[in-house]
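A.B. asks: what follows is a predicted protein model with its sequence.
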Amino acid sequence: MSTPTTWNAVDDFLVAHLLPTDPALDAALADSAAAGLPAIAVSPTQGKLLHLMARLRGARTILEIGTLGGYSTIWLARALPADGSLVTLELDPHHAAIARRNLDRAGVGARVTIEVGAALDTLPTLVARPERFDFIFIDADKANVPAYYEWSLKLATAGAAIIVDNAIRRGDVTATASVDPHTLGLRALFAALAADARVDATAIQTVGHKGYDGFLLAVVR
């Protein structure tokens, strides 16, 4: 039977073989830690997966809900063509400032706009603009994830990919008696997806340095 020790060892193996050392990404994590940001960014292998999925989609426009220190933002921005653009939403001005420095140092700052404020306040303003998004990554509080998903659909192009991080929460998503608002938010999202003809969706469980969790993927019809 595998254990968290095995999961971490496999993650280390995958990173060593598939992800060359990247000073900009390493510095983004180090600076985020030094600034006191929580260590909740995606793992290196997850970041590379997001990058490859955005490239497979051929994304020219990307929306990220939840910037933190910009680690996943760097991965996603690097998937864009030279004339592509990324909008990322961050609640905390301190986090946004750290992310801005990390993005500029990584050389992708010019194609990234950071919108500071509560996402549920910012998303309606984005709908009022003409830009729509080919790839959307939701990595913010899960209590509000059903609302983030609905706004994402309003902002998505046909065929857009919508990715939700932390979709399994150590298996808590199956806890029917849970009163945790984040678990309840995810359960509400899955319930909505079960009857939503606007998308094709699936989810996958993941293990590794980020523990036991998972991604949800929905493709807009």
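C.D. replies: Received it, and whenever you're ready, just let me know what you need. Numbers count the residues shown, from 1 in each chain.
A.B. asks: what's the closest non-adjacent residue to residue 15?
C.D. replies: Leaving aside its sequence neighbours, residue 15 sits nearest to residue 44 (C-beta to C-beta, 6 or more residues apart in numbering; 5.3 Å). In this view, the C-beta of every residue, glycine as well, is placed from N, C-alpha and C.
A.B. asks: got it, and residue 83?
C.D. replies: Nearest non-adjacent residue to residue 83 (C-beta to C-beta, 6+ apart): residue 60, at 7.4 Å.
A.B. asks: that neighbour and residue 81 touch, don't they?
C.D. replies: Yes - with contact defined as C-beta atoms under 8 Å, residue 60 reaches residue 81; the gap is 6.1 Å.
A.B. asks: ok, the two, which is more surrounded?
C.D. replies: Ranked by neighbour count (other C-beta atoms under 10 Å), residue 60 and residue 81 place residue 60 first, with 15 against 11.
A.B. asks: you'd agree residue 76 is in a helix?
C.D. replies: Yes - with DSSP: H, G, I helix; E, B strand; the rest coil as the criterion, residue 76 is part of a helix.
A.B. asks: is it true that it touches residue 134?
C.D. replies: No - counting by C-beta under 8 Å, residue 76 does not reach residue 134; the two are 11.2 Å apart.
A.B. asks: could you check which of these two has the larger neighbour count?
C.D. replies: Using other C-beta under 10 Å, the more surrounded residue of residue 76 and residue 134 is residue 76, with 28 against 21.
A.B. asks: all set now, cheers.
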